[in-house]
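1. After the sequence you'll find the predicted model.
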Amino acid sequence: MKKLYVIGIGPGKSDYMTQAAHSALSRCELICGYTVYIDLIKNGYPNKQFYSTAMTQETERCEYALSKANEGITAAIVCSGDAAVYGMAGLVYQLAQKYAEVEIEIVAGITAALSGGAVLGAPLTNDFAVVSLSDLLTDWQLIERRIAAAAMADFVICLYNPSSKKRSDYLQKACDIVLQYRSEKTICGYVKNIGRDGEQSGIITLSQLRCFSADMFTTIFIGSTATQIINGKMVTARGYENKP
Ligand code: SAH
């Protein structure tokens, strides 16, 4: 059988990886991924072949893994967090149309919203929206509309890709949009390097978040009107306490 796994490895350290991801990786001969993610897992799988490429080489990397799977080599593509959340899973299905015999299996992983949420407390207890600030593949105008819609509807907003060298003021722009609908005192949180060395987190207000310098390994949480600080943790009330 020709097989390609697309595996979410979770945020970082191996204990955040699911058992299913671990056993799929153990079954593979070849593991492909972005260099940073391959480096995170390499030591745990000493007898495998690895193929790592730079961040912008996604299509090439997926093509390579598919062609190897088509030759009968059981292969995996790894992504951080979940493989379908701003990951390779969709692209693999698109490219796999040319490789009818290759069976694709997606293995879910813990996405940064969930692992980062746990670090901050319980920010996502009610409805939340996830928006990526990367405009590499999505028009910035559309990203702005999505932020505004989520802010207007009082979702907790989780921001992925909050910054890069080319996009240093995007988080500030996103905060300015949210500030049209929410108070400056809105509770926000950030988590850097979730589950990795150098993990760092904090709870700040929306006006402080506007000036916060995030990097590409940071996930941002903007609270709703029901978000509060309890015992130093970011907590969104679901409303149980108001029920008779
Ligand atoms: N597939 C990944 C998301 C990839 S997009 C997932 O499901 O988590 C890349 C963005 O994800 C980063 O810019 C950051 O916002 C977030 N992210 C991924 N891993 C992270 C980590 N370990 N710590 C903090 N943020 C992370």
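-> That came through, no problem. From a predicted model like this one, the values you see are computed outputs, not experimental measurements. Numbers count the residues shown, from 1 in each chain.
2. switch to C-alpha atoms for all contacts and neighbour counts from now on
-> OK.
3. Where does G33 sit: helix, strand or coil?
-> State at G33, reduced to three classes by DSSP: H, G, I helix; E, B strand; the rest coil: strand.
4. what about it, how many neighbours?
-> Using other CA atoms under 10 Å, G33 has 27 other residues around it.
5. Repeat that for E184.
-> So E184, with other CA under 10 Å, has 17 neighbours.
6. just the one 5 residues further on next, same as before
-> Residues near G189, counting by other CA under 10 Å, number 25.
7. do the same with L120
-> Considering only other CA under 10 Å, L120 is surrounded by 22 other residues.
8. same thing with the one 4 residues further on?
-> Other residues within reach of L124 by the criterion other CA under 10 Å amount to 26.
9. Close to the ligand: what parts of this structure are there?
-> 11-12, 79-83, 85-87, 111-112, 160-162, 191-195, 216-219 (CA under 6 Å from any ligand atom).
10. Pull out the buried members of those residues.
-> For the residues of the chain next to the ligand, a burial check counting by 16 or more other CA atoms under 10 Å picks out 11-12, 79-83, 85-87, 111-112, 160-162, 191-195, 217-219.
11. residues touching the nearest residue to S207 once chain neighbours are set aside, list them.
-> Nearest residue to S207, sequence neighbours excluded (CA to CA, 6 or more residues apart in numbering): E184, at 5.0 Å. E184 sits next to 205-207 when contact means CA atoms under 8 Å, 6 or more residues apart in numbering.
12. Mind checking which of these are in helices?
-> 206-207 (DSSP state H).
13. Between the contacts of E184, which sits nearest the ligand?
-> Closest approach to the ligand among the contacts of E184 (CA to the nearest ligand atom): L206, at 17.4 Å.
14. The closest one contacts Q180, correct?
-> No. Counting by CA atoms under 8 Å, L206 sits too far from Q180 to count as a contact (11.5 Å).
15. ok now the helix-or-strand element of the chain with minimal mean pLDDT, how far from the chain's centre?
-> Ranked by mean pLDDT, DSSP states H and E, the helix or strand of the chain with the weakest confidence is helix 35-41, at a mean of 88. Relative to the chain's own centre, helix 35-41 is displaced by 15 Å; criterion: CA atoms, centre = their mean, to the nearest Å.
16. packing partners for that helix?
-> Counting contacts by 3 or more CA pairs under 8 Å, 6 or more residues apart in numbering; DSSP states H and E, helix 35-41 is packed against strand 49-53, strand 75-79.
17. Could you export the last one as CSV, CA atoms only?
-> So the one you mean is strand 75-79. The C-alpha trace of strand 75-79 is given here as CSV (Å, rounded to 0.1, in the frame of the first residue of the first chain):
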residue,chain,number,x,y,z
ALA,A,75,6.3,8.8,4.2
ALA,A,76,5.1,11.6,6.5
ILE,A,77,4.9,15.3,6.3
VAL,A,78,5.0,17.0,9.7
CYS,A,79,3.6,20.3,10.6
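18. what is the mean pLDDT for that strand?
-> Averaging pLDDT along strand 75-79 yields 96.
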